[in-house]
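Peer 1: I'd like to go over a predicted model; first the sequence, then the structure.
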Amino acid sequence: MGEEKGKLVSIREWIVEHKLRTVGALWASGIVGSLAYNWSQPNMKPSVKIIHARLHAQALTLAALAGAAVVEYYDHKSGAKVERVAKFLDLKEHRHKD
């Protein structure tokens, strides 16, 4: 169980670091999955199938963006984002001089 928890934590950290890639991958998988499902429906025209696939992927993308916003809000509240940004900045270098 400890190894699974470590794996889940590392997956979460990757998602937090690569939010836009995650949303883009969800969008692409939504398009592909919806096209595959819609193509199995024989009573629809191809143009309608494509439009439905786009709409399904758009809804999935909006849900992913909302999820990313929730993660960003949580990170901001917990202070986790400050720790990630501090790795890239030398805060002593940018202090105001009196």
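Peer 2: That came in fine, so what should we check first?

Peer 1: who does the longest helix seen in the chain touch, helix- and strand-wise?
Peer 2: For the chain, the helix with the greatest residue count under DSSP state H is helix 46-78. Packing contacts for helix 46-78, counted by 3 or more C-beta pairs under 8 Å, 6 or more residues apart in numbering; DSSP states H and E, involve helix 2-17, helix 19-39, helix 80-88. No exception for glycine: its C-beta is placed from N, CA and C like everyone else's.

Peer 1: identify each buried residue in that helix, please.
Peer 2: Lys49, Ile50, His52, Ala53, His56, Ala57, Leu60, Thr61, Ala64, Ala68, Val71 (16 or more other C-beta atoms under 10 Å).

Peer 1: and the angle for it with helix 2-17?
Peer 2: Regarding helix 46-78 and helix 2-17, their directions subtend 100 degrees when assessed with axes from the mean of the first three to the mean of the last three C-alpha atoms, to 10 degrees.

Peer 1: how far away from the center of its chain is helix 46-78?
Peer 2: 8 Å (C-alpha atoms, centre = their mean, to the nearest Å).

Peer 1: now do that helix against helix 19-39, angle only.
Peer 2: Taking the same axes, to 10 degrees, one finds helix 46-78 and helix 19-39 inclined to each other by 150 degrees.

Peer 1: hey, which of the helices and strands packed on helix 46-78 is tucked in deepest?
Peer 2: Comparing those on average neighbours per residue, with mean count of other C-beta atoms under 10 Å, the densest one is helix 19-39 at a mean of 15.

Peer 1: any residues touching that one, and which ones?
Peer 2: Applying C-beta atoms under 8 Å, 6 or more residues apart in numbering, the set of residues contacting helix 19-39 from outside is 15, 44, 49-50, 52-54, 56-57, 59-61, 64-65, 68, 71-72.

Peer 1: in the chain, what secondary structure element scores lowest on mean pLDDT?
Peer 2: Each helix and strand of the chain was given a mean pLDDT (mean pLDDT, DSSP states H and E); the minimum falls on helix 80-88 at a mean of 62.
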